[in-house]
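Asker: What follows is a predicted structure for the sequence shown.
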Amino acid sequence: MSAVTEAPPPLAPTAPEKKPPRRRGRLTPYWLLLPGILWLVVFFALPMIYQASTSVQTGSLEQGYKVTWHFATYWDALGEYWPQFVRSVLYAAAATLLCLLLGYPLAYLIAFRAGRWRNLIMVLVIAPFFTSFLIRTLAWKTILADSGPVVGALNTLHVLDVTNWLGWTQGDRVLATPLAVVCGLTYNFLPFMILPLYTSLERIDGRLHEAAGDLYAKPFTTFRKVTFPLSMPGVVSGTLLTFIPAAGDYVNADLLGSTDTRMVGNVIQTQFLRILDYPTAAALSFILMAAILIMVTLYIRRSGTEDLV
Amino acid sequence: MTTDNSGDVRLSGISKTYGAFTAVHPLDLTVPQGSFFALLGASGCGKTTTLRMIAGLEEPTAGAVRLGDQDVTHLPPYKRPVNTVFQSYALFPHLDIFENVAFGLRRRGIKSVKKQVEEMLDLVQLGEQARKKPHQLSGGQQQRVAVARALINHPKVLLLDEPLGALDLKLRRQMQLELKRIQTEVGITFIHVTHDQEEAMTMADTVAVMNAGRVEQLGSPTDLYENPQTTFVANFLGTSNLIEAEVDSRSGEDIVLRAGGGKLSLPGARCSAPTTTGGKVLVGVRPEKISLTHADDAGEIPEGRNRITGRIVDSSFIGVSTQYVIDSPVCPEFEVYAQNIDRDVRLVPGAEVVLHWNPAHTFGLDAAQDIDAGVETVEEDAA
């Protein structure tokens, strides 16, 4: 008995010695965060502050700009360019929807059916990134060219009659119409939809499909009640990764669209680089940011992803 | 049981091959309505494949699966009146316990599920947890949800694929009794796949021991244990001492055998091997059937018992019994389990002893098989 009670003391002296390294260990995460925080401060926080101050300046390029707390710039910008804002949201939403419709079956195929072809298909999904964004968008100019086979085929099949009636195209051409811009956006952002969808589909345990089948769910019901709800995290992040950059994009509208398809990105680009009206460009950027932030917040609330495992 | 046979499972000649590998050799099996049937075997023996063919998750390469009078061989799982409790449960992580249990009912278009689900949750003692998500429950609770989710559909047959594999030993014992209780209560045919021979014997009325895609032997747990037909069954179910012996003569119903200079007697009815004089036979006896007597008291052993002399190599005290390993001329590692009733202090390692047992407890096996088949190795234990 006495041997048992005497056993603990030898441990005691070592306990205080352990303290100093533990305290240093507690600071380690902050040291590791430091480079990232510095980067964010220099390249994100400071430019944001600078941009915010620019947005409330008045003056001209010749006389210089001064901070005059001129918030009216925001109202003026919004009043003048609201059609471009609405158009940005609509085009981005259409492109996101198309990405989802095209990307989901493909991601499903890669995750569950591709077998040994899985890696090859993944490479094919990512392969376009090896070419510049600009070149790929320009290529669509050729694809959708007025005398090209695509437009010819759409014409013969009377698809253009339908899209004309919907107001997506005009006359015999696709180029310089909303349809062309949405096609370009869809194409360019499709991988950003497929990759998160694939990741969340691939994580689903195959036995859950078997269990659903065993519990009288037909294949489509299994998809509706088990696979799709479990892939919601992928759907949400995929739509965000597509919608957010698409709403701010200007390259597609610039190369594939016309003056009637200008998006807010084009307006900001023109204000900043051609007209050199920096306050308006900065104000428009902030409005776009705020609009996206609100929409994303509402969207995440609605889709209830925090409920998912 | 009643004359209703709609819960009978009849497998006729079903087999499954994957390329060149045969997972299940043509198999005939009938599981009668209302029975608790176990498919027992080491991993990779084809037991799970057999179960999946009954569930419809795997299509047999050949043969037919019948439930009662209905041929279900080519029916998809969602059209079969069969439910499965999956290994590691496969509960739907995005649904709460209530919805998990209600899943099958809702898929069959039943609108008012509340009462049934609550009753089922009460049966498995999870009424309080209805609104929790599966990951908030312990392993044992998840297991009960899996059982409830399957049973609520009143299947003709309930299939259990290693349902207790993920639980710790104590919980396993408890769930074994629980499952047995539920089966008796609902009277549904249970087909239970397991690699744990104790689990199979505790729970099942009938056990089929599978090995390498074939059923080695089928019978009640007692029958399998007392009358193994192959060395695999003898070694896989509990422990057997197997001795190679030569047929000497016949005396009435018994066969007299020669082994290591001594003579052993074996009831002819308990020998599954051909017995021509001079031929080889494997003689088996279970460790707990054997009595140990110190060599000095050999004279006190009654006549007519099978005897073998040996020396104690090792002994370990288990509590209810003491397990001895004995080196004898016929077998270098003879195992003996002695009840701790009157312990003889002389029975320590190094002591010379006589092993003796009632000849009626001896069984005979064909000597043409691998004497070590079915002996559990360390790797198998870990899996």
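Answerer: That came through, no problem.

Asker: What sits closest to A:D249 if chain neighbours are left out?
Answerer: Excluding the flanking residues, the one nearest A:D249 by CB to CB, 6 or more residues apart in numbering or on different chains is A:G265, at 5.4 Å. For glycine as for every other residue, the C-beta is placed from the backbone atoms N, C-alpha and C.

Asker: Make sure the one you found is indeed in a strand.
Answerer: No - counting by DSSP: H, G, I helix; E, B strand; the rest coil, A:G265 is not part of a strand but helix.

Asker: And the pLDDT at it?
Answerer: pLDDT for A:G265: 94.

Asker: Surely it is in contact with A:S88?
Answerer: Yes - look at A:G265 against A:S88 with CB atoms under 8 Å: they come within range, at 7.0 Å.

Asker: neighbour count winner among these two?
Answerer: Here A:G265 and A:S88 are set side by side on neighbour count (other CB atoms under 10 Å in any protein chain shown), and the busier one is A:S88, at 26 against 23.

Asker: can you tell me the helix or strand for the more buried one?
Answerer: helix A:72-108 (DSSP states H and E).

Asker: Now do the same for that helix: mean pLDDT, whole number.
Answerer: Mean predicted confidence for helix A:72-108 is 95.

Asker: buried set for that helix?
Answerer: A:73-74, A:77, A:81, A:84-85, A:87-89, A:91-96, A:98-100, A:103-104, A:106-108 (16 or more other CB atoms under 10 Å in any protein chain shown).

Asker: Next: stretch A:152-166.
Answerer: A:154, A:160, A:163-164.

Asker: Show me those that map onto helices.
Answerer: Residues of the buried residues of stretch A:152-166 located in helices (DSSP state H): A:154, A:160, A:163-164.

Asker: any chance of these in TSV, plus distance to chain B and pLDDT?
Answerer: Putting those into TSV (distance: CB to the nearest CB, whole Å; pLDDT from 0 to 100) gives the following:
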residue	distance to chain B	pLDDT
A:L154	41	90
A:L160	43	89
A:T163	39	89
A:N164	44	89
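
Asker: Out of these, which is nearest to B:R149?
Answerer: B:R149 lies nearest to A:T163 out of these, by CB to CB, at 48.9 Å.

Asker: Could you report the distance from the closest residue to the closest one other than its chain neighbours to chain B?
Answerer: Of all residues not flanking A:T163 in the chain, A:T169 sits nearest, at 4.3 Å (CB to CB, 6+ apart). Using CB to the nearest CB, to the nearest Å, A:T169 is found at 41 Å from chain B.

Asker: what pLDDT does B:A383 get?
Answerer: For B:A383, pLDDT reads 38.

Asker: and residue 286, what does it touch?
Answerer: Using chain A. A:51-52, A:55, A:74 (CB atoms under 8 Å, 6 or more residues apart in numbering or on different chains).

Asker: hm, I was asking about chain B
Answerer: B:225, B:238-241, B:361.

Asker: In helices, which of those residues appear?
Answerer: Those of those lying in helices (DSSP H): B:Y225.

Asker: filter the contacts of B:R286 to the buried ones?
Answerer: Among the contacts of B:R286, the ones that count as buried by 16+ other CB under 10 Å are B:225, B:238, B:240-241, B:361.

Asker: Out of these, name the ones that lie in strands.
Answerer: In strands, defined here by DSSP state E, the members of the buried ones among the contacts of B:R286 are B:N241.

Asker: Which pair in the buried ones among the contacts of B:R286 has the greatest spatial separation?
Answerer: B:Y225 and B:N241 (14.1 Å).

Asker: how about the helices in the stretch 1-150 of chain A?
Answerer: Along the stretch 1-150 of chain A, counting by DSSP state H, counting those that start in this stretch, helices occupy A:2-6, A:14-17, A:19-40, A:46-55, A:72-108, A:118-126, A:133-143, A:149-156.

Asker: Using CSV, please lay out those together with distance to A:L208.
Answerer: Output for the helices of the stretch 1-150 of chain A, formatted as CSV (distance: least, CB to CB, whole Å):
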stretch, distance to A:L208
helix A:2-6, 51
helix A:14-17, 48
helix A:19-40, 36
helix A:46-55, 44
helix A:72-108, 14
helix A:118-126, 20
helix A:133-143, 38
helix A:149-156, 41
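
Asker: Out of these, which gets nearest to B:V9?
Answerer: Of these, the one closest to B:V9 (CB to CB) turns out to be helix A:72-108, at 34.5 Å.

Asker: Please, which helix or strand holds B:P26?
Answerer: B:P26 belongs to strand B:21-31, assigned by DSSP H and E.

Asker: Tell me the strands beside that strand, with direction?
Answerer: strand B:9-18 (antiparallel) (DSSP bridges).

Asker: Give me the contacts around the strand it pairs with.
Answerer: Contacts for strand B:9-18 (CB under 8 Å, 6+ apart): B:22-31, B:46, B:49-50, B:53-54, B:58, B:60-67, B:157, B:189, B:191.
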